[in-house]
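**Q** Any chance you could fold what I've pasted below:
(chains A and B)
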Amino acid sequence: MTDEKKINITPGFSCPIPKNEYDKILLAHGGGGSLSHQLISKMFLPQFDNEILNAQHDSAFFTHGKYTFAFTTDSYVVQPIFFPGGNIGDLAVNGTINDLAVSGAKPLYISTAFIIEEGLPIEDLWKIVLSMKEAAYKAGVQIVTGDTKVVEHGKGDKIFINTSGIGIVEEGIDISPKNCKEGDVIILNGSIADHGVAIMSAREGLTFETEIISDTAPLNDLILSVLSLSKNIHVMRDPTRGGVASTLKEIALSAQVGIEIDEKEIPIKEEVKGACEILGLDPLYIANEGKVILFVAKEDAEKVFLEMKKHPLGKESRIIGKVVKEYPGTVVMKTIIGSTRVVEMITGEQLPRIC
Amino acid sequence: MKFVDEYRDLKSVKVLTKQIEEVVTRPWAIMEICGGQTHSILKYGIEELLPKQITLLHGPGCPVCVTPLEQIDKAIAIASRNDVIFTSFGDMLRVPGSKNDLLSVKANGSDVRMVYSPLDAVKIAEENPNKKIVFFAVGFETTAPVNAMSVLEAKRRNLKNFSILSSHVLVPPAIEALLSSSDCMIQGFLAAGHVCTVMGYEEYIPLCEKYKTPIVVTGFEPVDILQGILMCIKQLEEGRCEVENQYNRVVARNGNEQAKKILSTVFDTIDRKWRGIGTIPKSGYALKEIFKDFDAEKIFDVGHIEQNESNLCIAGEVLKGVKKPVECSAFGKECKPETPLGAPMVSTEGACAAYFHYGKNKFNAVHTDLVK
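**A** Below you'll find the predicted structure:
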């Protein structure tokens, strides 16, 4: 940090509040869409201003000696706390592992902080703790520190969990939108929208002939296997809130490249498609918790794709599109009926809390 | 997925677009009346597949879009009361009233809840006997029966704390208003399939005859819409004007008799103001006098509210099909889905939001040969 910057921090001095469209926080400010982005760009970035933060990766990168570390944090407020395929506990562990993994890091240690509402059955907490233990074990990470707070009945919603994680980045690995190049092949490791639809069905008490199960899973093993195979993986992202559409649009914007995707190549389970039809939702915008999108240099794409297919979490992998030099900052999709349209970021839709 | 994939099938789409090309000999302007159809047209990029001679005009069939400002201000006034739990379909929550929207009211601490069905609101009423539960009953003939059902159900359960704020609108009077307007450019209509599922299509026959305009009852999937367009163009090219039914896998001539009976039990037809268009005679539903105990407008005295629209917003011209969303100077600038100036930018069925969401404005500039 420079001396000049130090001078700017004056105790007791408060900056004027940046102009916002709303004078109160709305749910959409936490929705991962454009209102969330406004909070980050208008309030957090300019005030916390530093080189590591400003890079705006899924994880913060810093070096110590010859090692590069990745550091990330995420809070989980999902409702219901138990859902088909998982619960808030394994979701919180997997989510942080995945944020580290898509940054190219090997996850090592995790912290956890619980904010529990008075009255939560101990049995529920026990189930959550056990599933966190199992998720950490599966991913080969350790939960090494934590905190517990309890709030009065009615001041929380059963349980909120924050997890932070730290991982180590091998030399030579550089995952960043800035590496995105024309011709890069875009690979997705399986069907989309499973998590968001599982949560929404559980919330709304909707039942389908086939139960829809969240895809929550740790992606570090899959990702490390392809990273050891190719040094030409340019970008990786886990399409959580805002779904595949918002993730691709974010990459197109930050890398200033054009992205073309093919709708018919994007796998969606039949039952998920059906639920989306009933609920009027577009699967492209629905959250995933066990999916990763990779941008791989053309020459390595096939071997990465084949390696992914060998992994249990990558069996259903598909090549869904490519990076083009036309229309920087835009995602264009070839629709299933052969026309084309632009894919935009999510805009504060009325979606229940999903992660 | 069965019953859906067949109607999104590339092969059928190709056959239909080829047939449309063969039939068209001159320019035609067709209006799809329903916002659900507008959404499909933009989402699937259907206009791109049509010959240049065909112009699709996007109609006023988005209930969120045509609910007048006063009605939203009334909803906000009611929702702000401490003794009320206000319930609504999701997309009504973001529609701007004259000062704020229902989401801001919720953020300020009022109890505003999104429901998927008005029957859920009845359930909330049963569970909260000390609160007054109000459901914002918007929509066309499609949603009116279930909203009417909620009133009958609340009566049956003897609930004294449930009411609806009725803002229902009807399609045929709107079609008549559009056709009789002096700046009308519409030569044919795709009628809204789901409205006709309830009402049937007999009431469209006199309109078709009086204004010599073909009306084709049409579904919502790409193949439905293309087939509807083909049927409409064939009529226009052959100089015919009839009511035809493309959506016959769902729509019967008489509609759903039981739903119609519920409607006539609960509602009276009244003159209704449409946002951006004005008052259209006999174009809305209000609760009958015998259900006045369930009528939020009668229960809550919110005073007389009258409001003016933003002078930048051209929603009225967009809803009448006179202008396209991208012709608005505020489109994508002052007016975006997060900060809508007018309702067509709010609902996913609104023409402006659909244009914005599916990048209609941008794509024209960047169109490459991706399709080939």
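**Q** The residue nearest the centre of chain B - nearest residue in space that isn't next to it in sequence?
**A** For chain B, the residue nearest the mean C-alpha position is B:Cys62 (2.2 Å; Cα atoms, centre = their mean). Excluding the flanking residues, the one nearest B:Cys62 by Cβ to Cβ, 6 or more residues apart in numbering or on different chains is B:Gly35, at 3.1 Å. In this view, the C-beta of every residue, glycine as well, is placed from N, C-alpha and C.
**Q** show me what contacts that neighbour?
**A** Shown in contact with B:Gly35 (Cβ atoms under 8 Å, 6 or more residues apart in numbering or on different chains): B:58-59, B:61-65, B:347, B:349-351.
**Q** Could you rerun that using 7 Å?
**A** Shown in contact with B:Gly35 (Cβ atoms under 7 Å, 6 or more residues apart in numbering or on different chains): B:61-62, B:65, B:347, B:349-350.
**Q** Which ones among those residues lie within strands?
**A** Among the contacts of B:Gly35, the ones falling in strands (DSSP state E) are B:Gly61.
**Q** still on that earlier bit, in contact with the residue nearest to the centre of chain B, which residues?
**A** B:Cys62 touches B:35, B:344, B:347, B:349-350, counting by Cβ under 7 Å, 6+ apart.
**Q** got a winner among these for most neighbours?
**A** Within the contacts of B:Cys62, B:Pro344 tops the neighbour count with 34 neighbours, counted by other Cβ atoms under 10 Å in any protein chain shown.
**Q** my guess is that residue is in a strand, correct?
**A** No. B:Pro344 is assigned helix when assessed by DSSP: H, G, I helix; E, B strand; the rest coil, not a strand.
**Q** separation between it and chain A?
**A** Separation of B:Pro344 from chain A (Cβ to the nearest Cβ, to the nearest Å): 14 Å.
**Q** so how far is chain A from the nearest residue to that residue once chain neighbours are set aside?
**A** Closest residue in space to B:Pro344, ignoring its immediate chain neighbours: B:Gly350 at 3.6 Å, by Cβ to Cβ, 6+ apart. Distance, B:Gly350 to chain A, by Cβ to the nearest Cβ: 13 Å.
**Q** Give the rounded mean pLDDT of stretch A:223-236.
**A** Stretch A:223-236 carries an average pLDDT of 96.
**Q** Same check on stretch B:243-261?
**A** On average, stretch B:243-261 scores 97.
**Q** try stretch A:46-54
**A** 95.
**Q** end to end, how far does that stretch reach?
**A** Using Cα to Cα, to the nearest Å, one end of stretch A:46-54 lies 9 Å from the other.
**Q** That one: which residues count as buried?
**A** Residues of stretch A:46-54 classed as buried by neighbour count (16 or more other Cβ atoms under 10 Å in any protein chain shown): none.
**Q** just stretch B:89-108 next, same as before
**A** Neighbour counts over stretch B:89-108 (16+ other Cβ under 10 Å) mark B:89-97, B:100-107 as buried.
**Q** Need the contact partners of it.
**A** Residues outside stretch B:89-108 that contact it (Cβ under 7 Å, 6+ apart): A:22, A:24-26, A:350, B:64, B:67, B:69, B:72-73, B:75-76, B:79-80, B:88, B:112, B:114, B:136, B:138, B:307, B:340, B:343, B:346-348.
**Q** care to break chain A down by domain?
**A** Domains of chain A are assigned by automatic domain parsing as A:55-169, A:177-343.
**Q** so A:Pro80 sits in a strand?
**A** No. Going by three-state DSSP, the assignment for A:Pro80 is coil, not a strand.
**Q** Restrict stretch B:337-351 to CA atoms and write it as PDB.
**A** What follows is stretch B:337-351, C-alpha atoms only, in PDB (Å, rounded to 0.1, in the frame of the first residue of the first chain):
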ATOM      1  CA  PRO B 337     -35.500  -4.000 -16.000                       C
ATOM      2  CA  GLU B 338     -33.900  -2.800 -12.700                       C
ATOM      3  CA  THR B 339     -35.200   0.700 -13.200                       C
ATOM      4  CA  PRO B 340     -38.400   0.400 -15.300                       C
ATOM      5  CA  LEU B 341     -40.100   3.700 -16.300                       C
ATOM      6  CA  GLY B 342     -43.100   1.800 -17.700                       C
ATOM      7  CA  ALA B 343     -44.600  -1.600 -17.100                       C
ATOM      8  CA  PRO B 344     -43.600  -3.300 -20.400                       C
ATOM      9  CA  MET B 345     -40.000  -3.200 -19.000                       C
ATOM     10  CA  VAL B 346     -41.100  -5.100 -15.900                       C
ATOM     11  CA  SER B 347     -42.800  -8.300 -16.700                       C
ATOM     12  CA  THR B 348     -40.900 -11.000 -18.700                       C
ATOM     13  CA  GLU B 349     -44.000 -10.900 -21.000                       C
ATOM     14  CA  GLY B 350     -43.600  -7.100 -21.500                       C
ATOM     15  CA  ALA B 351     -42.400  -6.300 -25.000                       C
END
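**Q** distance of the residue of the stretch 51-200 of chain A found nearest chain B from A:Ala287?
**A** The minimum distance from the stretch 51-200 of chain A to chain B, using Cβ to the nearest Cβ, falls at A:Met200 (10.2 Å). Separation of A:Met200 from A:Ala287 (Cβ to Cβ, to the nearest Å): 10 Å.
**Q** Look at those two and report which has more neighbours.
**A** A:Ala287 (30 against 22).
**Q** Now that one: closest residue in space that isn't a chain neighbour?
**A** Nearest in space to A:Ala287, with sequence neighbours left out and distances taken as Cβ to Cβ, 6+ apart, is A:Gly196 at 4.1 Å.
**Q** what's the answer for B:Asn254, then?
**A** B:Gly200 (4.4 Å).
**Q** Just list the residues touching the one you found, thanks.
**A** Neighbouring residues of B:Gly200 by Cβ under 7 Å, 6+ apart: B:252-255.
**Q** Pull out the buried positions in the top helix by length along chain B.
**A** Counting by DSSP state H, the longest helix found in chain B is helix B:222-238. In terms of neighbour count (16+ other Cβ under 10 Å), helix B:222-238 has its buried residues at B:222-236.
**Q** After that helix, which helix or strand is next?
**A** Using DSSP states H and E, the helix or strand that follows helix B:222-238 towards the C-terminus is strand B:243-245.
**Q** which residues touch that next one?
**A** B:201, B:204-205, B:208, B:215-217, B:231, B:251.
**Q** residues touching residue 147, list them.
**A** By default, I'm working from chain A. A:Ala113.
**Q** if you could check chain B rather than the one you did, that'd help
**A** B:118, B:137, B:139, B:164.
**Q** Now do the phi/psi pair for B:His58.
**A** Backbone torsions of B:His58, given as degrees, to the nearest 10, read phi -100, psi 120.
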